[in-house]
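Participant: Requesting a structural model of the entry that follows:
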Amino acid sequence: MTARDPFENPFGADDPDRAAIWEMLVPRDIDAFVSADWSAVADDFITDNFTAISGHFQSDPDGFDMAYPDLEAYRDDWLRQARDFVDQRDAGVYAGDPRRGIFHATRLEEIEISGEAALVRKKFDGALPRADGTSERMNWQTLYWCRKVGGRWKIAGFVGYLPHVRDA
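Facilitator: Purely as a prediction, here's the structure:
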């Protein structure tokens, strides 16, 4: 079995829809996050009727909530998290390159497309080494629903921060 290159799009030119979704949700998202640059991803979202649910890393849906009733709420929390990450990185909290660690922890290989809609499964399973010898565990998954608008795939919403159990 060949080792997976986490920086390489697993979908080729013969699958342009899945390739475009992967580019949006992996490198563009990670690069925007590690630089706390919302403008780099702002156009990847459908503003009207955007909603997102947080699973709070719980397996019981009774613990899920409507964490982001609109895109502004999600943007504000995304920016808070990204700025906190950048502050920690700049303070030397992480050992090595945390961007590289995020890429290695991220898997997006399952995309179900039906017409102009897609269900996308993005999984995180890895750790970011810290300078103090500990590590920050990344272990969750997000289910995105995307729509093709004007010939371009965009995020309409998601159910995120769900537990991820590694396949046996």
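
Participant: Return the alpha-carbon coordinates of stretch 27-38 using CSV.
Facilitator: C-alpha atoms of stretch 27-38 as CSV (Å, rounded to 0.1, in the frame of the first residue of the first chain):
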residue,chain,number,x,y,z
PRO,A,27,-5.7,23.3,1.3
ARG,A,28,-7.7,26.5,1.0
ASP,A,29,-9.3,26.0,4.4
ILE,A,30,-6.1,25.0,6.2
ASP,A,31,-4.1,27.8,4.7
ALA,A,32,-6.7,30.4,5.6
PHE,A,33,-7.0,29.0,9.1
VAL,A,34,-3.2,29.0,9.9
SER,A,35,-3.0,32.6,8.7
ALA,A,36,-6.4,33.6,10.3
ASP,A,37,-7.4,35.0,6.9
TRP,A,38,-11.2,34.7,6.6
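
Participant: Could you list the low-confidence segments of this structure?
Facilitator: Per-residue confidence for the chain (pLDDT under 70) gives these ranges: 1-2, 166-168.

Participant: and the biggest helix by length in it, which residues are buried?
Facilitator: Ranked by number of residues, the top helix in the chain under DSSP state H is helix 71-90. For helix 71-90, a neighbour-count test (16 or more other C-beta atoms under 10 Å) marks 71, 74, 75, 78, 82, 85, 86, 89 as buried. Where you see a C-beta, it was placed from the backbone N, CA and C, and this is true even at glycine.

Participant: Closest one to residue 27 out of those residues, please.
Facilitator: Sorting these by how near they are to residue 27, with C-beta to C-beta, puts residue 82 at the top with 15.4 Å.

Participant: Span of stretch 66-74 from start to end?
Facilitator: 11 Å (C-alpha to C-alpha, to the nearest Å).
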